[in-house]
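Asks: A predicted structure for the sequence below; I have some questions about it.
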Amino acid sequence: MNIQVITVGKLKEKYLKLGITEYTKRLGAYAKIELIEVVDEKAPEQASVAEMKQIKDKEGERILSKLHPDTHVIALAIEGKMLTSEQLADNLDKLATYGKSKIAFVIGGSLGLSDDVMKRANESLSFSKMTFPHQLMKLVLVEQIYRAFRINRGEPYHK
Ligand SMILES: C[S@@+](CC[C@H](N)C(=O)[O-])C[C@H]1O[C@@H](n2cnc3c(N)ncnc32)[C@H](O)[C@@H]1O
């Protein structure tokens, strides 16, 4: 399975980089994982609704340009569907069974994902009703993808 994790902006915090690198390395035993960072747009402090839409649209175009037409896209969104780790694992297992070998998880920038990205997404996934910074979300996501593969292999993983 080829998994893309697409995020907006450059990851700067060292502690997040370390965690993401660690889980990406572990995931390498199960899948081909590609971390893609698209350039973010500078958002003014007091952006109008129109300016915010413009920013999300520009970032969205960059995200969409990274997606192959065959890719099954899972957008991370607060208002998306909440799953248990076992359900996420089952979801990935079913996608593989149906021949979906390209999966992309997409995380929005500070203003979230554009309407076009949400329309392109095959499903949306919520990690809770709380708002997480996008870079921290990336770390939690790669850990959960790793956990999903361990669950599907029946391998021990501390609860
Ligand atoms: C700082 S948040 C954006 C907040 C923005 N106001 C919104 O409502 O989308 C940046 C990105 O992190 C992801 N994210 C943050 N919290 C999340 C959650 N609880 N579940 C799923 N994704 C989340 C989403 O992809 C979001 O676009």
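Replies: Received the coordinates, thanks.

Asks: for the chain, longest strand please?
Replies: In the chain, taking DSSP state E as the definition, the longest strand is strand 72-82.

Asks: contacts for that one?
Replies: With C-beta atoms under 8 Å, 6 or more residues apart in numbering as the test, strand 72-82 has contacts from 67, 95, 100, 102-108, 112-113, 117-118, 120-131, 137, 141. Heads up, the C-betas are built off the backbone N, CA and C, glycines and all.

Asks: can you say which of those residues are buried?
Replies: Buried by 16 or more other C-beta atoms under 10 Å: 67, 95, 102-108, 112-113, 117-118, 120-121, 124-125, 127, 137, 141, out of the contacts of strand 72-82.

Asks: please flag which of those residues sit within helices.
Replies: The members of these that map onto helices under DSSP state H are 95, 117-118, 120, 137, 141.

Asks: now those residues in a markdown table, with distance to E79 and pLDDT?
Replies: Shown next, in a markdown table, are these (distance: C-beta to C-beta, whole Å; pLDDT from 0 to 100):
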| residue | distance to E79 | pLDDT |
| --- | --- | --- |
| L95 | 22 | 95 |
| V117 | 14 | 98 |
| M118 | 10 | 98 |
| R120 | 17 | 98 |
| M137 | 14 | 97 |
| L141 | 17 | 98 |
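
Asks: rebuild those as JSON lines, extending it with distance to Q4.
Replies: Shown next, in JSON lines, are those (distance: C-beta to C-beta, whole Å):
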{"residue": "L95", "distance to Q4": "13"}
{"residue": "V117", "distance to Q4": "13"}
{"residue": "M118", "distance to Q4": "17"}
{"residue": "R120", "distance to Q4": "13"}
{"residue": "M137", "distance to Q4": "15"}
{"residue": "L141", "distance to Q4": "12"}
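
Asks: let me know the closest of those residues to the ligand.
Replies: Nearest to the ligand out of those is M137 (C-beta to the nearest ligand atom; 4.4 Å).

Asks: touching, the closest one and I107? I think so.
Replies: Yes. Contact criterion C-beta atoms under 8 Å: M137 and I107 qualify, at 5.3 Å.

Asks: need the residues of the chain near the ligand, please.
Replies: In this structure, the chain approaches the ligand at residues 76-78, 107-108, 110-113, 126-128, 130-134, 137, judged by C-beta under 6 Å from any ligand atom.

Asks: quick one: classify the closest residue to R150 other than its chain neighbours as helix, strand or coil.
Replies: Leaving aside its sequence neighbours, R150 sits nearest to Y157 (C-beta to C-beta, 6 or more residues apart in numbering; 4.3 Å). Assigned state for Y157: coil (three-state reduction, DSSP: H, G, I helix; E, B strand; the rest coil).
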